[in-house]
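Asker: dropping the sequence and predicted coords here.
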Amino acid sequence: MELERKKYWFLFYGLIIGVSFDIFFYDKTLGISYLIFIVLILLILLGSFWGSLRKLNNLMWLFTVPILLLTITFFIYSNQILRILNFLIVPILIIMFSSLITKVNRSDWSDIRFIGDIAKRIFVPFGFIHKPFLTLFKTADRRGNDSKSRVLPKIFLGILISIPILAIVIWLLSSADIVFKNLFLNTSISRIIKHFFVIIIISVYTVSFLWALIKAFNEREMATFSKIKWKLFLDPVILLTLLVLINVIYAIFSIIQFTYLFGGSSFVLPSSYTYAEYARRGFFELIIVSIINFGILLIGITFVKKDIKRIFVVIRTFLTLLVISTFILLVSAFYRMLVYEQAYGFTYLRIFVQTFMIMLFFLFIINIIYIWYPKLPIIKSYFIISLAIYIIMNFANVDVIIAKNNINRYFETGQIDMVYLKSLSYDAIPEMQGLLISFKSSSDSEVKQITGEILEYFNGKKLDLENQKSWQSFNISKCKAEKIIDKYIE
């Protein structure tokens with residue numbers, strides 16, 4: 001049986017992943033180590049199916065491209081928000097990849113039920129937690145009672161079983177005696193126990209994950225879900241009435257946008273509003289309306305009765321008009337944000353919202369195609385477009401965009417939010433250096449104050465960088481920042 005042949009390899013793979021996780025991540029900042037770790041996981045997945053590669057869905061190796069691209073960002077950039085998101089997204093993509101390449105998913109990834117397949121891959125391994133321990137016991141007993149070769153596996157098993165018991169006993173005794181607590185919990189003994197815990201937990205889950213995946217791969221003749229056949233309950237006349245009315249409202253709104261917003265200051269605005277305030281007002285409401293339109297499109301094209309072809313063609317036409325109206329809403333919202341940023345500066349939230357609007361724009365293009373070609377795998381298309389835009393955003397270097405635009409705005413308006421500028425990651429430090437260089441010959445008091453704040457900020461970052469000297473934490477943006485900071489702070 002294939003599982004029996006590979007179970008010892010699984011133990012080896014699990015130990016590699018457990019030890020690597022401890023070396024790379026325990027009490028360390030993410031850097032190049034994350035890239036090495038993910039590559040190691042992909043190689044172990046490849047090794048686990050070595051000999052069965054022809055049976056795999058080899059087209060799905062393309063999934064390694066977004067996985068590696070997002071992983072590389074830990075080595076290149078320092079944006080904390082994107083790091084947290086990528087730390088969550090990359091494992092999900094690896095689970096998707098493992099399910100698709102082994103064809104153990106019951107649903108195609110263009111099916112909403114595929115989310116259930118992903119959840120299953122996360123939790124099913126817990127049902128195989130006992131497998132690595134059983135394998136170790138069998139290894140210890142396989143050569144008979146008199147064999148000296150079984151002593152080492154038994155010692156290892158004894159240590160493995162002892163660790164959780166020792167942890168509980170030491171914790172209880174530490175609560176009872178302060179001297180004992182200082183001896184065990186505040187010394188290297190405590191750190192050794194923690195390292196063991198990390199290695200065992202990660203190793204056991206890795207072995208269990210591989211065991212569950214191989215088992216499902218060997219038994220993948222199981223029934224798969226058929227394509228969803230949605231019940232067509234929506235009356236075409238009702239939908240058409242809704243579309244006519246809502247498109248009339250959007251037509252009026254579009255005229256106002258072209259008159260007051262895109263026309264700029266040449267038109268008289270309502271009293272008590274500046275142009276920037278008018279541009280900002282209703283921004284998030286427009287985004288919500290765009291999302292509502294998104295829902296109307298999907299529900300309309302999916303659930304409307306298609307008995308009368310002529311009415312359905314008219315419905316498609318009005319759905320297309322709805323998409324065009326939504327494009328105007330998105331352009332309006334995007335332009336409003338640009339005007340507001342020029343007046344009040346750039347932030348993470350504003351940049352991310354603009355990226356979200358760009359994503360919506362492309363998703364609505366997909367919707368137009370779906371309106372006239374319903375066979376399009378729309379969920380799969382949404383996923384690919386969204387992932388592509390997210391990857392582009394990762395490599396756009398958001399911190400540099402924010403810092404550069406806010407500094408340019410300072411030279412135009414004399415206003416800059418230094419608190420926010422200093423909250424950016426190491427990626428923004430080259431832009432701050434540019435600001436310092438431009439201040440070099442100035443004697444203005446305000447300029448000196450900003451210079452002092454930047455140098456104080458550099459000093460704090462220098463101390464942080466000194467605490468991240470391990471090779472596992474190496475990061476290009478931090479390396480660049482350190483070289484810049486060393487020029488100003490000795």
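Answerer: Structure's in. What do you need?

Asker: in the helix or strand containing residue 331, what's buried?
Answerer: Residue 331 belongs to helix 309-344 when elements are defined using DSSP states H and E. By neighbour count on 16 or more other C-beta atoms under 10 Å, the buried set for helix 309-344 is 311-312, 315-316, 318-319, 321-323, 325-334, 336-337, 339-343. Glycine gets a C-beta too; all of them are placed from N, C-alpha and C.

Asker: run the angle between the helix or strand following that helix and helix 309-344 for me.
Answerer: Using DSSP H and E, the helix or strand that follows helix 309-344 in sequence is helix 348-372. In terms of direction (axes from the mean of the first three to the mean of the last three C-alpha atoms, to 10 degrees), helix 348-372 departs from helix 309-344 by 170 degrees.

Asker: care to break the protein down by domain?
Answerer: What the record gives for the chain is the domain set 2-218, 236-395, 398-488, from automatic domain parsing.

Asker: just send those domains back as TSV, with mean pLDDT too.
Answerer: Output for the domains of the chain, formatted as TSV (pLDDT from 0 to 100):
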stretch	mean pLDDT
domain 2-218	81
domain 236-395	80
domain 398-488	87
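
Asker: next, find the distance separating residue 447 from residue 432.
Answerer: 14 Å (C-beta to C-beta, to the nearest Å).

Asker: that older thread, for the helix holding residue 331, what is the distance to the chain centroid?
Answerer: 27 Å (C-alpha atoms, centre = their mean, to the nearest Å).

Asker: what helices or strands is it leaning on?
Answerer: Other elements packing on helix 309-344 under the criterion 3 or more C-beta pairs under 8 Å, 6 or more residues apart in numbering; DSSP states H and E are helix 236-256, helix 275-280, helix 283-303, helix 348-372.

Asker: can you tell which of the ones you listed is closest to residue 39?
Answerer: helix 348-372 (27.7 Å; C-beta to C-beta).

Asker: buried stuff in whichever helix or strand comes after the closest one?
Answerer: Remark: after helix 348-372, the chain's next helix or strand is helix 378-395, criterion DSSP H and E. With burial defined by 16+ other C-beta under 10 Å, the residues of helix 378-395 counted as buried are 378, 381, 382, 385, 387, 389, 390, 391, 393, 394.

Asker: the second one contacts residue 367, doesn't it?
Answerer: No: the pair residue 381 / residue 367 is not scored as a contact, 9.5 Å apart, by C-beta atoms under 8 Å.

Asker: rewinding a little: the helices and strands packed on helix 309-344 into TSV, with extra columns for mean neighbour count and distance to residue 88?
Answerer: Conversion of the helices and strands packed on helix 309-344 to TSV gives the following (neighbours: other C-beta atoms under 10 Å; distance: least, C-beta to C-beta, whole Å):
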stretch	mean neighbour count	distance to residue 88
helix 236-256	14	36
helix 275-280	17	31
helix 283-303	16	23
helix 348-372	17	16
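
Asker: would you list the ones you listed in TSV and tack on distance to residue 411?
Answerer: Formatted as TSV, those follow (distance: least, C-beta to C-beta, whole Å):
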stretch	distance to residue 411
helix 236-256	34
helix 275-280	19
helix 283-303	26
helix 348-372	20
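
Asker: out of those helices, which is closest to residue 103?
Answerer: Short answer: helix 348-372, nearest of the helices and strands packed on helix 309-344 by C-beta to C-beta, at 26.0 Å.

Asker: show the contacting residues for residue 350.
Answerer: 337, 340, 341 (C-beta atoms under 8 Å, 6 or more residues apart in numbering).

Asker: helix, strand, or coil at residue 16?
Answerer: helix (DSSP: H, G, I helix; E, B strand; the rest coil).

Asker: can you give me the neighbour number for residue 450?
Answerer: 20 (other C-beta atoms under 10 Å).

Asker: and the gap between the nearest residue to residue 128 once chain neighbours are set aside and residue 135?
Answerer: Counting by C-beta to C-beta, 6 or more residues apart in numbering, residue 128 lies nearest to residue 208, which is 4.2 Å off, once chain neighbours are set aside. Going from residue 208 to residue 135 by C-beta to C-beta gives 11 Å.

Asker: could you do residue 399 as well?
Answerer: 47 Å.

Asker: the more surrounded of those two?
Answerer: Neighbour count, other C-beta under 10 Å: between residue 399 and residue 135, residue 399 has more, with 26 against 18.

Asker: ok, the more buried one - contacts?
Answerer: 77, 78, 79, 424, 425, 427, 428.

Asker: redo that, cut-off 7 Å
Answerer: By C-beta atoms under 7 Å, 6 or more residues apart in numbering, the residues touching residue 399 are 79, 424, 425, 427, 428.
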